[in-house]
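**Student:** What follows is a predicted protein model with its sequence.
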Amino acid sequence: MQDKNFDKLATKFAKNIYGTPKGEIRAAVLWRDLQAAIEKYCQDKKVNKLRVLDAGGGFGFISQKLAAQGHEIVLCDISEQMLAQAQEQIAASEEPLDIRLIHCAIQELPQHVEGKFDLILCHAVAEWLHDAKNTLALLLDFLSKDGLFSLMFFNKEAMRFHALVSGNFDYVSADFKIKKKVRLTPTHPLYIQEVRTWFTEWQLELICQSGVRVINDYLKKSMPDNFDFQQLLAMELAYCQQEPYLSLGRYVHFIGQEKK
């Protein structure tokens with residue numbers, strides 16, 4: 001079976017995922033986590049430039065920010081339309097960005113890429129893969145010794161809880177298998193403990209764990225008059241690494257590093 005290709009949804013995807021408050025929360029949590037991990041890695045290795053692989057990176061929202069800091073990026077995606085958007089944005093950048101774009105599936109990367117990477121990103125991809133575990137394990141072949149693996153995945157228990165508090169009991173009872181589905185609803189959500197087990201098998205120490213959107217998706221429709229998004233964002237960042245909030249994140253972000 002073929003993994004999800006966003007060619008026909010590229011514009012909608014970019015708008016719905018990053019052009020919204022939930023996209024801003026997602027970006028803020030990812031960026032906060034990554035900057036802390038990268039800073040420590042660079043100090044330990046005494047380097048200031050990383051080689052980064054963004055697997056299934058779409059138009060490279062995070063990759064472009066990393067490239068602007070001087071890092072070398074290789075970005076692959078199965079969607080030509082996503083890569084076209086990436087190319088347009090890279091070309092429009094006020095500063096040169098060292099980003100190589102590759103049109104291929106993650107499983108085809110060995111045909112296009114050589115060498116090791118200090119940091120591998122795989123964000124919001126695993127939940128669209130028919131065989132997430134083995135596909136992600138393939139990525140680790142490219143990870144340098146002590147390198148960082150940043151994985152963000154759609155949380156199945158949060159998907160269930162959101163449906164429950166929304167009163168969608170038939171959807172839950174059917175284990176989310178219904179004929180009519182929103183096209184941007186992931187087809188293969190993952191359990192947090194399942195992914196933690198994978199990291200253990202891969203000999204990766206979890207140096208960062210965060211929930212992404214631990215509050216926003218559960219907000220009541222009627223909010224106080226003084227509701228302020230910046231306060232919400234601050235609360236998301238404050239609580240996303242604490243339980244039980246972490247496990248309620250619609251997505252979960254892990255950063256793993258080879259165990260010493």
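**Tutor:** Thanks, I have the structure now. Residues are numbered from 1 along each chain as shown.
**Student:** Residue 239: what's its closest spatial neighbour, skipping adjacent residues?
**Tutor:** The spatial neighbour of residue 239 that comes closest, neighbours along the chain excluded (C-beta to C-beta, 6 or more residues apart in numbering), is residue 245 at 4.3 Å. Where you see a C-beta, it was placed from the backbone N, CA and C, and this is true even at glycine.
**Student:** Oops, could you answer that again for residue 236 instead?
**Tutor:** Nearest non-adjacent residue to residue 236, counting by C-beta to C-beta, 6+ apart: residue 25, 5.1 Å away.
**Student:** With residue 248 instead?
**Tutor:** The nearest residue in space to residue 248 (C-beta to C-beta, 6+ apart) is residue 214, at 5.1 Å.
**Student:** Spell out the secondary structure type for the one you found.
**Tutor:** Secondary structure for residue 214, judged by DSSP: H, G, I helix; E, B strand; the rest coil, is coil.
**Student:** Test my guess that it contacts residue 251.
**Tutor:** No. Residue 214 is beyond contact range of residue 251, at 9.8 Å (criterion: C-beta atoms under 8 Å).
**Student:** Neighbour count: those two, which is higher?
**Tutor:** More neighbours surround residue 214 than the other of residue 214 and residue 251, with 29 against 24 (other C-beta atoms under 10 Å).
**Student:** show me what contacts that one?
**Tutor:** Applying C-beta atoms under 8 Å, 6 or more residues apart in numbering to residue 214 gives the contacts 236, 239-240, 245-246, 248-249.
**Student:** Now do the longest helix seen in the chain: everything it contacts.
**Tutor:** The residue-count maximum for a helix in the chain (DSSP state H) belongs to helix 21-45. Contacts with helix 21-45, where a contact means C-beta under 8 Å, 6+ apart, come from 16-18, 48, 50, 61-62, 65-66, 118-119, 123, 146, 148, 150, 152, 207-208, 210-213, 216-217, 229, 232-233, 236-237, 240, 251, 253, 255, 257.
**Student:** just how off-centre is that helix within its chain?
**Tutor:** In terms of C-alpha atoms, centre = their mean, to the nearest Å, the centre of helix 21-45 is found 11 Å from the chain centre.
**Student:** Counting by contacts, list what whichever helix or strand comes after it packs against.
**Tutor:** Using DSSP states H and E, the helix or strand that follows helix 21-45 in sequence is strand 51-55. Other helices and strands packing on strand 51-55, by 3 or more C-beta pairs under 8 Å, 6 or more residues apart in numbering; DSSP states H and E, are helix 61-68, strand 72-77, strand 117-123.
**Student:** what inclination does the second one have with respect to strand 117-123?
**Tutor:** With axes from the mean of the first three to the mean of the last three C-alpha atoms, to 10 degrees applied, the angle from strand 72-77 to strand 117-123 works out at 30 degrees.
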